[in-house]
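# coords please:
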Amino acid sequence: MRLWAPLITIGALAGLLAGCGGPGPDPADPQAALSLAVSSSAFADGGQIPPRYTCDGADVSPPLTFNGLPSGVRELALLVEDPDAPDGTFVHWVAWGIDGTRPELGEAETPAGSGTNDFGHAGYGGPCPPRGPAHRYVFTAFALSRPAGLRPGATAADLRSAIDGAVLAEGTLTGRYARA
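The predicted model follows:
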């Protein structure tokens, strides 16, 4: 009888340890999206955005690279927002229709789908904060399992609604910019 006690204890511990990892994220759950790496050759994450990509320069979009795209990506979508704007988050770019098989967007490249930014026009509108402390500009990329299916001029809210349940992976790149 004494020999069984250690075996029962070892078996119980093995069962507990086997369950520690859990089942993992549910791929059908939109909240379980994988992480996507977004980067730019123009600035590092958390770094200064060069004036070329702002209203003080050429006001063209920076080059972006998307790494860690999961299988099944049909399209990429992109939002660029300034959460430090005086009147709340300011949208600088709403884009979709970015080829999911091509992990980059070149400088000044216009994606197939372009929405209306808070400047009131379609396309990219670079950082243009009021004079003072630096603002953060968050470039959020979404890898989608299906096309966003939006019409030209869609807003950031329209994009978020359209991609609900279709996000396979998501990632951000944050740049900073201040006007002297």
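
# so where is this structure shaky, pLDDT-wise?
Scanning the chain with the threshold set as pLDDT under 70 gives 1-33.

# Thr65: neighbour count?
15 (other C-beta atoms under 10 Å). For the C-beta atoms, the positions are set from N, CA and C on the backbone; glycine is no exception.

# His92 now?
Other residues close to His92 by other C-beta under 10 Å number 24.

# For it, identify the helix or strand it belongs to.
Using DSSP states H and E, the element containing His92 is strand 90-99.

# And the contacts of stretch 143-150?
By C-beta atoms under 8 Å, 6 or more residues apart in numbering, the list of residues contacting stretch 143-150 from outside reads 34, 36, 66, 69-70, 72-77, 96-97, 100, 113, 115, 158-159, 162-163, 166-170.

# how far is it from where the chain is centred?
Averaging C-alpha positions (C-alpha atoms, centre = their mean, to the nearest Å) puts stretch 143-150 14 Å from its chain's average.

# again with stretch 106-124
Using C-alpha atoms, centre = their mean, the offset of stretch 106-124 from its chain centre is 16 Å.

# List the buried residues of it.
Using 16 or more other C-beta atoms under 10 Å as the burial criterion, the residues of stretch 106-124 that qualify are 111, 113-119, 122-124.

# now the residue lying closest to Ala178 once chain neighbours are set aside: how far from Ser114?
Nearest residue to Ala178, sequence neighbours excluded (C-beta to C-beta, 6 or more residues apart in numbering): Ala134, at 3.7 Å. Distance check for Ala134 against Ser114: by C-beta to C-beta, to the nearest Å, it reads 27 Å.

# beta partners for Glu170?
Ser35, Phe142 (DSSP bridges).

# Surely it touches Thr140?
Yes. The pair Glu170 and Thr140 qualifies as a contact (C-beta atoms under 8 Å) at a distance of 6.8 Å.

# picking that back up, helices or strands up against the strand holding His92?
Contacts defined by 3 or more C-beta pairs under 8 Å, 6 or more residues apart in numbering; DSSP states H and E place strand 90-99 against strand 75-82, strand 113-114, helix 156-163.

# for Ala178, what are its contacts?
Contacts of Ala178 were listed using C-beta under 8 Å, 6+ apart, and they are 129, 132-135.
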